[in-house]
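Trainee: Fold the following and give me the result.
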Amino acid sequence: MSHKLQVGEMKAAYLTDKEIWAHFNFIYSPKSKNSTTYKFVLIKSILENLYKINVMGAIYGDTGCTIYDFDNGKEQLKLNSTFYSFMQRFQRVLNYLTNYHLALFLEKFNEKGDTTNLLLKVENVSKRSSLDQFYQVLSSFYNGKCFYCGKTIKKENAHVDHFIPWSFVQADQLWNLVIACSTCNLSKSDKLANEPFLETMIDRNESLISITALRIREDMQVYSSKKLKDLYHFSVENGFTDFWVPKKMIL
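Mentor: Purely as a prediction, here's the structure:
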């Protein structure tokens, strides 16, 4: 059976959105073998690692051997480029669908659980980690000023903010983090900063890359301005359309 394979090769170079949605419909349907949580966990892993380096797993057979190559021995997985783009563009709805179907699956094995409570638990699996290590890097680079409004801020009032909302990326990457004052961070919340800040962010990251000690970081090695631009526009496509600007800016 396909789930026992140790090596698999993609059988398609290009997939349409319609074909990919058909694969997901099959995965979520009773036709797919759902004796364990591995399929749902794999999808969540791919979604949560779209902007990291490697992902692993196996739903090879359900997708007609078309969405990725994998080699368990080498611990490698390579996504079909069109499938990767699809998951970026529909990341939010796929997260919702996967969490829901994982909760439905778990409900069958949890007599005291119900779908609503299980769904809340599933959605809370990926939690924000401490950003203190990033503050140490960014505070010296920013010279104590808010990325958004330019106001000088003291350490006790400084916040580390995800430029692209964490609820979309669900990952902590230096190239997506800035230091903001408490006012900007709290008012921005889960919103997307207005597009002019995107160019400012790209310029900021170019400055980071110019510093050798930062350029060799694992998260910076996978950064590109194109990736940030794509991520910004993908977040808009995923419903982050409530654009935010600071109330006051110090020029």
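Trainee: can I assume residue 201 is in contact with residue 163?
Mentor: Yes - the pair residue 201 / residue 163 is scored as a contact, 5.4 Å apart, by C-beta atoms under 8 Å. Heads up, the C-betas are built off the backbone N, CA and C, glycines and all.
Trainee: So for these two, which residues contact both of them?
Mentor: Residues touching both residue 201 and residue 163 (C-beta atoms under 8 Å, 6 or more residues apart in numbering) are residue 178.
Trainee: Have a look at those two and say which one is more surrounded.
Mentor: Under the criterion of other C-beta atoms under 10 Å, the comparison of residue 201 against residue 163 puts residue 163 first, with 26 against 21.
Trainee: For the more buried one, give me phi and psi.
Mentor: Taking degrees, to the nearest 10, you get phi -60, psi -50 for the backbone angles of residue 163.
Trainee: what residues are up against it?
Mentor: The contact partners of residue 163, taken as C-beta under 8 Å, 6+ apart, are 176, 177, 178, 193, 197, 201.
Trainee: per-residue confidence for it?
Mentor: pLDDT, residue 163: 96.
Trainee: Distance check, it against residue 249.
Mentor: Note on residue 163: its distance to residue 249, by C-beta to C-beta, to the nearest Å, is 16 Å.
Trainee: Repeat that for residue 77.
Mentor: From residue 77 to residue 249 the distance is 44 Å (C-beta to C-beta).
Trainee: Those two: who's more crowded?
Mentor: Each of residue 77 and residue 249 has its neighbours counted (other C-beta under 10 Å); residue 77 has more, 22 against 12.
Trainee: Any figure for the gap between the nearest residue to that one once chain neighbours are set aside and residue 46?
Mentor: Distances taken as C-beta to C-beta, 6 or more residues apart in numbering put residue 70 closest to residue 77, at 4.4 Å, once the chain neighbours are dropped. For residue 70, the distance to residue 46 equals 12 Å [C-beta to C-beta].
Trainee: Same check on residue 150?
Mentor: Separation of residue 150 from residue 46 (C-beta to C-beta) stands at 38 Å.
Trainee: if you count what's nearby, which of those two comes out ahead?
Mentor: More crowded of residue 150 and residue 46, by other C-beta under 10 Å: residue 46, with 23 against 15.
Trainee: what helix or strand is the more buried one on?
Mentor: According to DSSP states H and E, residue 46 maps onto helix 38-48.
Trainee: Downstream of that helix, the next helix or strand is which one?
Mentor: Helix 38-48 is succeeded, C-terminally, by strand 68-71 (DSSP H and E).
Trainee: give me phi/psi at the residue most central in space within the chain?
Mentor: Geometric centre of the chain, nearest residue: residue 169, 2.9 Å, by C-alpha atoms, centre = their mean. Note on residue 169: backbone dihedrals following degrees, to the nearest 10 are phi -80, psi -40.
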